[in-house]
Structures are given as C-alpha cells and as structure tokens.
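Trainee: sequence and predicted structure below; questions after.
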Amino acid sequence: MSRGRVLNLAGGVLCLAMLGYALYAQYGLGLEPCPLCIFQRVAVFALGLIFLAAALQHPSGGGRYVYAVLAGFAALTTAALATRHLYIQSQPPGSIASCGAPLDVMLRFSPLTEVVRKVLTGGGECSQVNWSFAGLAMPAWVLLAALALGLLGVLANLRQ
C-alpha cells in the first residue's frame, strides 16, 4: 500500500476515533453536547469521509489536489468552529445569552440558515466548560486535532 493511501486511511481512523470519544463523552460520561459541539462533530465527520474517500480512490494527477483542498477546507472549518467555541467559553459568565431551544427542536421549527446563525452566535450552554484534559477544554483539543489532521490531509495528498 502506498504512503499516501496509508496516511489518508490513518486520518480517517483518527477522525472516527475523535467521534467515538465524543460519543463516549456524551453517553458514557453524561456530558450533553452543545450546538457548537454538534457542528464540530459534523465537520470532523466530513473530514473523516474525505480521508476515507481519498484512501479508497487513491487519485493521481489533479485528483490529489482536489482531496488536498477538500481536506484542508474541512479541517479549517472544524478549526474555525472550535475557535469560535473557545471564544465563547472565554467570555465572562452571564455575558452570553442562551441559544434557546435544543438543536433538534431548532432544526424542526426553523430554517437551516437561521439555526446556523443562532448556533454560531453561541449561547449560554456553549460557554460552559464541563470537560478538560491537561488544562485544555474539549474545543481546544478539537482545534489542535483539526489543524494536525488538516496538515496531514494536505501533505498526504500532495506528496505522493
């Protein structure tokens, strides 16, 4: 198996591991995800799909660049969401208004664009830090992982 294919497969597995831990944190540790956490999960899932598609297809020529750009974009989207989450968490308690209804209820009764706007403005539940490791909250770890995975995705697909 070529190095690019192995690196893409490793990126996909790492994304799946991140999602697996997020589900463990939710159902095993009882940490309820906020809307921004859910958006980060969706972005990590998209990045994982890009890695797995690149590993399966193992493109040559211009296809490598397409996967490199897609992986970079998905990773930067994940990093941007995590950065926004960290910003909201850094605000003084009570300075951020609540998002309102849970995400599933908002999706049921509001247009998607309104839900995205509401979630990205953040809410009180998004400002709570209820998990940390080595002094960093979960969005900080997502940010670091997204940057590392983005670099991996770009290099794995450009350097073949």
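Mentor: That came through fine.
Trainee: who's in contact with residue 40?
Mentor: Listed by C-beta atoms under 8 Å, 6 or more residues apart in numbering, the contact partners of residue 40 are 78, 81-82, 85, 139, 142. C-beta coordinates here come from the backbone N, C-alpha and C atoms, glycine included.
Trainee: can you pull out the helices in the protein?
Mentor: 3-23, 35-57, 62-90, 103-109, 112-120, 138-158 (DSSP state H).
Trainee: low pLDDT regions in this protein?
Mentor: In the prediction, the chain carries residues with pLDDT under 70 at positions 94-105, 118-125, 160.
Trainee: change it to 90
Mentor: 1-4, 26, 30-39, 58-63, 84-133, 135-137, 158-160 (pLDDT under 90).
Trainee: hang on, the earlier thing: and of the helices of the chain, who's closest to residue 29?
Mentor: Ranking the helices of the chain by proximity to residue 29 (C-beta to C-beta) places helix 3-23 first, at 9.8 Å.
Trainee: for that closest one, which helices and strands make contact with it?
Mentor: In terms of contact count using 3 or more C-beta pairs under 8 Å, 6 or more residues apart in numbering; DSSP states H and E, helix 3-23 is assigned the packing partners helix 35-57, helix 62-90, helix 138-158.
Trainee: and that helix, what's buried?
Mentor: Using 16 or more other C-beta atoms under 10 Å as the test for burial, helix 3-23 gives 4-5, 7-9, 11-12, 14-15, 18, 22.
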